[in-house]
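Participant: Below: sequence and its predicted model.
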Amino acid sequence: MIIIVKRNEYIINRIFTPLRNWSWLFIPLVALVGLWYPKMGLLMIPMMIALPILGFFKGKFWCGNICPHGSLFDRFIYPISFNKKIPAWAKAKITLVLAFIFFMFMFTKRVLAVTALWGTTPFLDKLGFIFVMNYFMVTIIGTFLAFFINPRTWCRFCPMATFQLLAYKLGKFLKANKKTDAVITISNNQECLNCGKCAKVCPVDLSPYQEISTKGQLENEACIRCSTCVVYCPVNILSLKCHQT
């Protein structure tokens, strides 16, 4: 499935696998149904376990292929968004760090408060409600930014994306993900037209044609491995391949 809308004079695209096309359904299940049935928030626990594991081996793959909010923003908000460039403040490391620290502090504080109810009937409801409210607020803030700025503005400093990134850095440090982490790779630099189409279609405002390393690969850790630039490269010289030595 392909969604096509106009931004300025360019045609900007999104591509969807079946999973990415429908993963947005997880949001109303948790963020809305959870307001009445708080235990629905407990569905977030396996997700939070999966995030660092997947991040360790494949970087921000979750963001570009599975994330329910990414699915929501790209499928429904993107066609009506102002579609501006993602602002510098959203990409800044200080924003990423502060958002992560704030999220982890508030989350930990609330979970510790609920642990006092361990073994009582309300415990699971109270615990689930913490996840519900976190997911609800992310949906509200992320949707606001997606509509008025860019669909993937939130994604550049999302605490869960940072969680993946930290796990990814650990995987790189241990040299444990070279055979699992597929990154954008150019087959022949000389065939590149420098047309900038890969930058124009990138959901997170990267510029692969300008950022490809001497090894012929995009090493920017913000890449979400969505394959949009691969699909829309006019000369078909981009692909997702594991790290080259």
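Facilitator: Right, received. Where do you want to start?
Participant: Now do the helix or strand containing Phe129, average pLDDT.
Facilitator: According to DSSP states H and E, Phe129 maps onto helix 123-148. Helix 123-148 shows a mean pLDDT of 97.
Participant: Beyond that helix, next helix or strand please.
Facilitator: helix 159-173.
Participant: ok now the helix holding Phe129, how far from the chain's centre?
Facilitator: Computed by C-alpha atoms, centre = their mean, to the nearest Å, the chain-centroid distance of helix 123-148 equals 16 Å.
Participant: Check stretch 93-106 too.
Facilitator: With C-alpha atoms, centre = their mean as the basis, the mean position of stretch 93-106 lies at 16 Å from the chain mean.
Participant: repeat for stretch 26-33
Facilitator: Worked out by C-alpha atoms, centre = their mean, stretch 26-33 lies 18 Å from the chain centre.
Participant: Okay, now it: how far is its last residue from its first?
Facilitator: 10 Å (C-alpha to C-alpha, to the nearest Å).
Participant: Quick check: buried residues in that stretch?
Facilitator: 26-27, 30-31 (16 or more other C-beta atoms under 10 Å). (C-beta placed from N, C-alpha, C; glycine too.)
Participant: Could you do stretch 190-202 as well?
Facilitator: Those would be 192, 197-198, 200-202, for stretch 190-202 by 16+ other C-beta under 10 Å.
Participant: Over to stretch 222-235?
Facilitator: Residues 222-230, 232-233 are the ones in stretch 222-235 that count as buried (16+ other C-beta under 10 Å).
Participant: Repeat that for stretch 183-190.
Facilitator: Applying 16+ other C-beta under 10 Å to stretch 183-190 flags 183-186 as buried.
Participant: one step back: got the buried residues of stretch 26-33 as TSV, with pLDDT and secondary structure columns?
Facilitator: Formatted as TSV, these follow (pLDDT from 0 to 100; DSSP: H, G, I helix; E, B strand; the rest coil):
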residue	pLDDT	secondary structure
Phe26	98	helix
Ile27	98	helix
Val30	97	helix
Ala31	96	helix
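Participant: List just the nearest of the residues you listed to Cys155.
Facilitator: Ile27 (14.5 Å; C-beta to C-beta).
Participant: how near is the closest one to Phe147?
Facilitator: 15 Å (C-beta to C-beta, to the nearest Å).
Participant: Check Gly128 too.
Facilitator: Remark: distance between Gly128 and Phe147 (C-beta to C-beta) = 28 Å.
Participant: the more surrounded of the two?
Facilitator: For Gly128 versus Phe147, the count of surrounding residues by other C-beta atoms under 10 Å is larger for Gly128: 22 against 18.
Participant: wait, what's in contact with that one?
Facilitator: Gly128 makes contacts with 34, 38-42, as judged by C-beta atoms under 8 Å, 6 or more residues apart in numbering.
Participant: Looking at neighbours, which among those residues is most surrounded?
Facilitator: Going by other C-beta under 10 Å, Gly41 tops these with 26 neighbours.
Participant: Can you find the helix or strand of the protein with the lowest average pLDDT?
Facilitator: strand 2-7 (a mean of 47; mean pLDDT, DSSP states H and E).
Participant: Look at Ile224 and report its pLDDT.
Facilitator: 97.
Participant: Phi and psi next, for it.
Facilitator: Backbone torsions for Ile224, taken as degrees, to the nearest 10, come to phi -100, psi 10.
Participant: Numbering from 35 from now on, please.
Facilitator: Yes, from this point I'll number from 35; that puts the last item at Ile258.
Participant: dump the residue contacts of it.
Facilitator: Counting by C-beta under 8 Å, 6+ apart, the residues that Ile258 touches are 94-95, 97-99, 104, 189, 237-238.
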